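*Asks:* Turn this into a structure:
(chains A, B, C and D)
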There are 2 protein chains.
Amino acid sequence: MVDPTEPGDGQDRAPSRRERARAATIDEIKRTALGLMREQGTTDFRFSDIARLMGMTAPALYRYFADRDELLTALIVDAYDELGNAVAGPRDEIPVDDPGGRFVAVAESYRRWAREEPGRFALILGLPVPGYHAPEEGPTTEAAQRAMAQLKALFYEAAQAGMLRPPRLPDDGGVIGRLLTEHAEEKVSPIDGPPIPAETFQAMLHCWACVHGFASLEAYGHLDWLPMEARDAIFTSSMRLVADAAGLPAPRPA
Amino acid sequence: MVDPTEPGDGQDRAPSRRERARAATIDEIKRTALGLMREQGTTDFRFSDIARLMGMTAPALYRYFADRDELLTALIVDAYDELGNAVAGPRDEIPVDDPGGRFVAVAESYRRWAREEPGRFALILGLPVPGYHAPEEGPTTEAAQRAMAQLKALFYEAAQAGMLRPPRLPDDGGVIGRLLTEHAEEKVSPIDGPPIPAETFQAMLHCWACVHGFASLEAYGHLDWLPMEARDAIFTSSMRLVADAAGLPAPRPA
DNA sequence: CGTGTTTGTTATTTGGCGTAACACTTCTAA
DNA sequence: TTAGAAGTGTTACGCCAAATAACAAACACG
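*Replies:* Numbers count the residues shown, from 1 in each chain, chains lettered A, B, ... in the order given. All right, here's what the predicted structure looks like:
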């Protein structure tokens, strides 16, 4: 049985010795694969290399993952979750009544994660790995939504607290608002909450695009010609600007 | 001889019949590879597939490219050049005294190119293809700078024409300006022109990051859940905002 | 027309993915 | 305690693509 679902019946009993060993092996495989990705700077890795590093032979890995795609799917889900955690952690260290500061925290940790994990960043937010076919409607999309929800939550809280000015973004004749409410109502709302105003949603996308642009340019080395200090300063400056444009109050100085 | 350099001596005589045939074959190989990339949506392609589509056998391709990396390098250089042309064309259809409009034209064509050519976009602005090792200081960096220069030129012209307000970006204590002038003087200036003020350079990076963020999110399908009209409207709105923040005048209505 | 170059071929090596068949360990139940 | 089932590993193998070697045909040019 390779299928990791259905751990018995519906009940979750204490994991047996074997189950623990299996989980540990799965974890070691994933960690080894990540190590290879980091080492060679690509999303490519060889089953045989993973096995060799673990002191096993390649075919043994197929006891744990049906094929390369299944391992990749697992890595993608993990990566989304970790990116989500990476931005949620620093965000939640800033008080809720400082949404500007919370946004800057999210932006900075998004960028840091991208820079520290370019391979995994490319895995989830770049072009799919050659030959990889994502499972339809699968766990990857859910994981992506969970990660995205961390940013949404920030704006939602700010709106709830009444700390969100109307954004500065032009919406000639309310076209965007109409389109968003017509076609994508359910996507616009964060999980478990009333809808964000369309204009705020638009502002959030603007912020995300800008953060993501910096993060991906930097992750792939396209800003290497700039000294790190300058990159830091420029990034922070840009983030303050987009936060302001989105209607967030200026971050409170720490 | 596979080495494409040294076409005789320094002189460029009329290309002989054989040279023309060779150039045509090289071109066909590249076009076939691009077709495969577009078709399968990845940066991966098989030499054997290219050869089959061309009615040849795989080893014949090695007469034209020493290995997969050499073909990739050629494709990367081409892609940079075409991206540069793709943004320069629409830009130059807008009058020089409308730099805001010229920026929007650049942004829109950058985005369109990314959406239409996600594979090539990933090739140049994403994570390197598995196993690919770029030649050091090679033709790829030069091509990248040529493409980037198209955006620089826009800001340079606007500054020359005195149509550039100081950007709205905060630079506390002029840290960014100092860093830029200290460390990256030559990179800040466009080719063949006096230096752009550091604050304008910063604004340009802000614009680029935002354009690139939208473009890459969309190219890899992360905005597919939004209807195209909404994406268009939101993108345009964001571009107007960043252009304004960068000190460009509002685009003149066509 | 003969010689050397270019461009193609087929045959072969190398290396990774994935499967098959088999061996050893561990858990479970009579 | 012990037989059998389930789980985990192994070696041997088939397949496919990259890249090289050795060879054959077409072409350019004296």
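
*Asks:* switch to C-alpha atoms for all contacts and neighbour counts from now on
*Replies:* Will do.

*Asks:* The residue of the stretch 151-254 of chain A found nearest DNA strand D: neighbouring residues, count only.
*Replies:* Using CA to the nearest atom of the strand, A:Tyr220 is the residue of the stretch 151-254 of chain A that sits closest to DNA strand D, at 23.0 Å. For A:Tyr220, the count of nearby residues is 21 (other CA atoms under 10 Å in any protein chain shown).

*Asks:* swap in the one 4 residues further on?
*Replies:* Other residues lying near A:Asp224 total 12 when counted by other CA under 10 Å.

*Asks:* next one: A:His133
*Replies:* Number of residues near A:His133 (other CA under 10 Å) recorded here: 12.

*Asks:* Roughly how far does the nearest residue to it once chain neighbours are set aside sit from DNA strand D?
*Replies:* In space, not counting the residues next to it along the chain, A:His133 is nearest to A:Asp69; the distance is 6.9 Å by CA to CA, 6 or more residues apart in numbering or on different chains. A:Asp69 sits 16 Å away from DNA strand D, taking CA to the nearest atom of the strand, to the nearest Å as the criterion.

*Asks:* A:Asp69: what's it in contact with?
*Replies:* A:Tyr132, A:His133, A:Ala134 (CA atoms under 8 Å, 6 or more residues apart in numbering or on different chains).

*Asks:* a markdown table for those, including secondary structure, distance to A:Thr73 and pLDDT?
*Replies:* Converted to a markdown table, these look like this (DSSP: H, G, I helix; E, B strand; the rest coil; distance: CA to CA, whole Å; pLDDT from 0 to 100):
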| residue | secondary structure | distance to A:Thr73 | pLDDT |
| --- | --- | --- | --- |
| A:Tyr132 | coil | 9 | 77 |
| A:His133 | coil | 9 | 75 |
| A:Ala134 | coil | 7 | 72 |
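
*Asks:* Go through those and name the one nearest B:Thr42.
*Replies:* Nearest to B:Thr42 among these, counting by CA to CA, is A:Tyr132 at 9.2 Å.

*Asks:* which residues touch that closest one?
*Replies:* Going by CA under 8 Å, 6+ apart, the list of residues near A:Tyr132 reads A:Asp69, A:Leu72.

*Asks:* which SSE is the residue nearest to A:His133 in?
*Replies:* Following DSSP states H and E, the helix or strand that holds A:Asp69 is helix A:68-91.

*Asks:* swap in A:Met37?
*Replies:* Judged by DSSP H and E, A:Met37 forms part of helix A:17-40.

*Asks:* do that helix and chain B meet?
*Replies:* No. If you take CA under 8 Å from any CA of the partner chain as the test, helix A:17-40 misses chain B, and the best it gets is 8.6 Å.

*Asks:* close to DNA strand C, is that helix?
*Replies:* Yes. Using CA under 7 Å from any atom of the strand, helix A:17-40 reaches DNA strand C at A:Arg17, A:Arg18.

*Asks:* and the angle for that helix with helix A:68-91?
*Replies:* Angle, helix A:17-40 to helix A:68-91, by axes from the mean of the first three to the mean of the last three CA atoms, to 10 degrees: 80 degrees.

*Asks:* residue ranges for the helices of chain A, please.
*Replies:* Using DSSP state H, the helices found in chain A span residues A:17-40, A:47-53, A:68-91, A:99-116, A:118-125, A:139-160, A:175-183, A:185-188, A:198-219, A:228-245.

*Asks:* As CSV, these with mean pLDDT and distance to A:Arg252 would be great.
*Replies:* Formatted as CSV, those follow (pLDDT from 0 to 100; distance: least, CA to CA, whole Å):
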stretch, mean pLDDT, distance to A:Arg252
helix A:17-40, 94, 36
helix A:47-53, 97, 47
helix A:68-91, 96, 14
helix A:99-116, 98, 6
helix A:118-125, 93, 30
helix A:139-160, 89, 14
helix A:175-183, 79, 30
helix A:185-188, 54, 28
helix A:198-219, 94, 19
helix A:228-245, 95, 11
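
*Asks:* Redo those as a markdown table? Include distance to B:Arg102.
*Replies:* Shown next, in a markdown table, are the helices of chain A (distance: least, CA to CA, whole Å):
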| stretch | distance to B:Arg102 |
| --- | --- |
| helix A:17-40 | 40 |
| helix A:47-53 | 50 |
| helix A:68-91 | 36 |
| helix A:99-116 | 29 |
| helix A:118-125 | 29 |
| helix A:139-160 | 32 |
| helix A:175-183 | 23 |
| helix A:185-188 | 32 |
| helix A:198-219 | 20 |
| helix A:228-245 | 22 |
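
*Asks:* if we can go back for a sec, just give the nearest non-adjacent residue to the residue of the stretch 151-254 of chain A closest to DNA strand D, would you?
*Replies:* Among residues not flanking A:Tyr220 along the chain, B:Leu127 sits closest, at 5.7 Å (CA to CA, 6+ apart).

*Asks:* Count the residues that sit near the residue lying closest to A:Leu179 once chain neighbours are set aside.
*Replies:* In this structure, A:Leu179 finds its nearest non-sequential neighbour in B:Ala230, 5.8 Å apart by CA to CA, 6+ apart. Residue crowding around B:Ala230 was assessed by other CA under 10 Å; the count is 19.
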